[in-house]
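Asks: My questions concern the predicted model and sequence given below.
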Amino acid sequence: MTRLQKATLSFLAVIACFAAVMVRAWQGKWQQPLGPALQISTVTPFQMPATWTPDTNAIGTLPATPRVAPVSQASPLPTALNVGLCGAPPVMNILAIGADTRGDNYTYGLADVIRLVRVDFVNTKVTVLEIPRDLWVEIPDVADNLNGQDHEKLNQAYLYGNPGFGYTNDPARGPGLLARTLALNFGAQIDHYAAVNMRTFEKIVNAVGGLDVTLPETVDGRTAEDINKRLLFPAGTHHLNGTQALTLARIRIAGGFARAENQNRVLCALRDQLTSPAVVIQIPDLIRAFQGAIQTDLSPEQLGQLACIGTKMPSDNIVFASFPAEHFKQTRQYDPVFKKRIAVWDVDFEILRDYISRFNEGTWPSQTATQPESTEEEASFCP
C-alpha cells in the first residue's frame, strides 16, 4: 500500500467520524445536503430534488453537443443494478476544490486546487484526477458581466460564481459554475462538490499540532520580487505550522506538476498526523469545530456512504492520476479582462476530453497507480 493510498483510507476514516457527529447534530436531516445541490443540465437535470438518486442506466449519459464530447456509460456495471455498496448509488463523482481565499468565508477566491474524484461503489474503487487550473476555457454565465468575454482561466470560474462577483444564478455558486465549466469544456461528470479555503486549511493543520514533511529536494519559491526565506524549504524533514504547510503547497515556481507533488506530500503528512494516537482521540471535537467551514452539497448520509466504502475497499483500488505532462506546453493568451497576455497551458482539448471520458467510464487509469499500464498514465505519489 502506498502512502497516498493510506492517506485516502485515513481520510475516509475521518469522514466516518464526521458522519457520526452529523447524525447527532442533524437529527431528522440525514439526507439533507449541507449546501445547495449542483444543477448541471448535462449530468444532473435542473430542478431535480436534492436527494435524487441517479438511475444506473442513465449514469454519465451526456447529450451530444458541439462543445462536449459524447460520453458513454459511466461504468461497465450490470444494468439491473440500482444501488452500490453502503446504500450508495453505483458511482459518485465529486469535485474537490482548494480555494485560495484567506478569509473565513467563500465570498471571493480562485480555485487553487481542482480534483475530480470518482467513487465506484460497485467495484469498490476510488480514482482521483488532477485538473490543471491554468486551462483557457469557456465559462458559462459570465459574458454579460465581462463585456462579451466568455473565456478565462479555469480557476476563475470558481471566483466568478461566488458571491463577491456573483456572475451566475447557480445556487451552488462558485462550485456550481466551476462544475458546469468542466462539464461544458471536457464532459466531466460531477454529482457533488466540496471546497476548503486557505484559512480553514491553516486552522486544521494548527489544530492537529502541525505537520512533518520530508522533501527529497530543496523547494525554493523565492523570486526577484519576494526573496523572503519563508519561501525556502531545504531538502530534509520540516515541522510545519498551518501557514508554512500552505506556503509549501502553493509554491509553483518549478511548474504546476511539481506543485502537485508538493501538495501530495502535505496531504500525506496531514494523514500521518491525523492517525497519530494523540490526535485520533480529538477528531470528533475537531470535526465539530470545523462544521460550516467548507462548501459542500454532500449530505450526512452521503458522507457516511463514503466512510463505509473505505472499510470495504482494497488499498490497491485507490488510484491517483494526472494528465501526462507531455501533452502540455506553456504559452500566453491575451486576456481582454486584464488587458494583458497571461500564462496558460497550450493543450489539445480533444485529448483531455478523451482522458476524461475514460475517467468517467472508470476505464482510465486502467490499473493501480503502483503498476501503470503504459507511459501515458501518470500518477501522483507520496514520497
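Replies: Structure's in. What do you need?
Asks: Could you use CA atoms for every contact and neighbour count after this?
Replies: Fine.
Asks: Now name the helix or strand holding Gly148.
Replies: Under DSSP states H and E, no helix or strand contains Gly148.
Asks: Quick check on it: phi, psi?
Replies: When read as degrees, to the nearest 10, the backbone of Gly148 gives phi 90, psi -10.
Asks: Look up how far Arg358 lies from it.
Replies: The gap separating Gly148 from Arg358 is 33 Å, by Cα to Cα, to the nearest Å.
Asks: what's the answer for Ile309, then?
Replies: Taking Cα to Cα as the measure, Ile309 falls 22 Å from Arg358.
Asks: which regions of the chain lie under the pLDDT threshold?
Replies: Applying pLDDT under 70 to the chain picks out residues 1-30, 41-81, 271, 274-275, 280-281, 283-291, 307, 310-311, 315-316, 367-383.
Asks: Start from the N-terminal end of it and give the helices.
Replies: Counting by DSSP state H, the chain has helices at residues 3-25, 155-161, 173-186, 198-207, 242-250, 256-274, 277-280, 283-290, 300-310, 349-361.
Asks: Output the second one as PDB, nothing but the C-alphas.
Replies: By that I understand helix 155-161. Listed next in PDB are the C-alpha coordinates belonging to helix 155-161 (Å, rounded to 0.1, in the frame of the first residue of the first chain):
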ATOM      1  CA  ASN A 155      -9.800  28.600 -11.800                       C
ATOM      2  CA  GLN A 156     -11.600  31.900 -12.400                       C
ATOM      3  CA  ALA A 157     -14.900  30.000 -12.900                       C
ATOM      4  CA  TYR A 158     -15.000  29.400  -9.200                       C
ATOM      5  CA  LEU A 159     -14.200  33.100  -8.400                       C
ATOM      6  CA  TYR A 160     -16.900  34.500 -10.800                       C
ATOM      7  CA  GLY A 161     -19.500  32.200  -9.300                       C
END
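Asks: Between its first and last residues, how far does stretch 151-167 reach?
Replies: With Cα to Cα applied, stretch 151-167 spans 14 Å between its terminal residues.
Asks: hmm, back to that, ok, Ile309 and Arg358, which is more surrounded?
Replies: Neighbours of Ile309 and Arg358, each counted by other Cα atoms under 10 Å, are more numerous for Ile309; the result is 24 against 19.
Asks: Thought Val126 was touching the more buried one, still the case?
Replies: No: judged on Cα atoms under 8 Å, Ile309 makes no contact with Val126 at a distance of 9.5 Å.
Asks: Any idea which residue is closest to the centre of this protein?
Replies: The C-alpha lying nearest the average C-alpha coordinate of the chain belongs to Ala96 (Cα atoms, centre = their mean; 2.3 Å).
Asks: and that one, what are its bridge partners?
Replies: The partner list for Ala96 in beta bridges (DSSP bridges) reads Arg115, Ala194.
Asks: Distance-wise, check it relative to Ile114.
Replies: Distance, Ala96 to Ile114, using Cα to Cα: 6 Å.
Asks: same thing with Tyr355?
Replies: Going from Tyr355 to Ile114 by Cα to Cα gives 16 Å.
Asks: same deal with Asp220?
Replies: 23 Å.
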